[in-house]
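A.B. asks: let me see the structure of the following:
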Amino acid sequence: MLLEKLNENDIVTVKLKTGEELLAKYVAGDSATSLKLKTVMTLVSSPDGKGFALAPYLFTVDKNAELTFKSDNIMTVSKTEAKWASGFLQSTTSIKLATQNDMPDVNQLINSINQKDK
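C.D. replies: Here you go, the predicted structure:
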């Protein structure tokens, strides 16, 4: 099952045989028996119906609980695309990741420094 090298805390996407798509932090796994994940979220329709949102996979367990999935119930596993992984981290932690718009323009910084030196 696991062809791609995954490291602990990688954000992964899992497709279950039931059709559910999960995003989670990878804990451990082997291709023969199981996959262990934590902070497991599932895709749901957004409230406005125009996109997707993340919701807990299980509402009645601690959000950081480690859940074990049997390999027989998993169709595929892969590292999550960066944009979705960023959204996952922002919705499951207090971390707000910087975007390109949040970053100062390097050329403007250099020009500002050069102006001060004159």
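A.B. asks: isn't L67 up against T39?
C.D. replies: No - counting by Cβ atoms under 8 Å, L67 stays clear of T39, with 9.5 Å between them. Where you see a C-beta, it was placed from the backbone N, CA and C, and this is true even at glycine.
A.B. asks: overlap in contacts of the two?
C.D. replies: Residues touching both L67 and T39 (Cβ atoms under 8 Å, 6 or more residues apart in numbering): A24.
A.B. asks: between those two, which has more neighbouring residues?
C.D. replies: More crowded of L67 and T39, by other Cβ atoms under 10 Å: T39, with 23 against 16.
A.B. asks: helix, strand or coil for the more buried one?
C.D. replies: strand (DSSP: H, G, I helix; E, B strand; the rest coil).
A.B. asks: just checking, it touches D62?
C.D. replies: No - in terms of Cβ under 8 Å, T39 does not count as a neighbour of D62; the distance is 9.7 Å.
A.B. asks: let me see the mean pLDDT of stretch 53-71.
C.D. replies: In this model, stretch 53-71 has a mean pLDDT of 92.
A.B. asks: what's the closest non-adjacent residue to the residue sitting nearest the centre point of the chain?
C.D. replies: With distances taken as Cα atoms, centre = their mean, A85 lies nearest the centre of the chain, 3.2 Å away. Using Cβ to Cβ, 6 or more residues apart in numbering and skipping the chain neighbours, the partner closest in space to A85 is I11 (3.9 Å).
A.B. asks: how much space between the one you found and D48?
C.D. replies: 25 Å (Cβ to Cβ, to the nearest Å).
A.B. asks: same thing with K83?
C.D. replies: 19 Å.
A.B. asks: for K36, same thing?
C.D. replies: As for K36, its distance to D48 is 34 Å (criterion: Cβ to Cβ).
A.B. asks: ok, those two, which is more surrounded?
C.D. replies: Set side by side, K36 and D48 show more neighbours around K36, with 16 against 7, by other Cβ under 10 Å.
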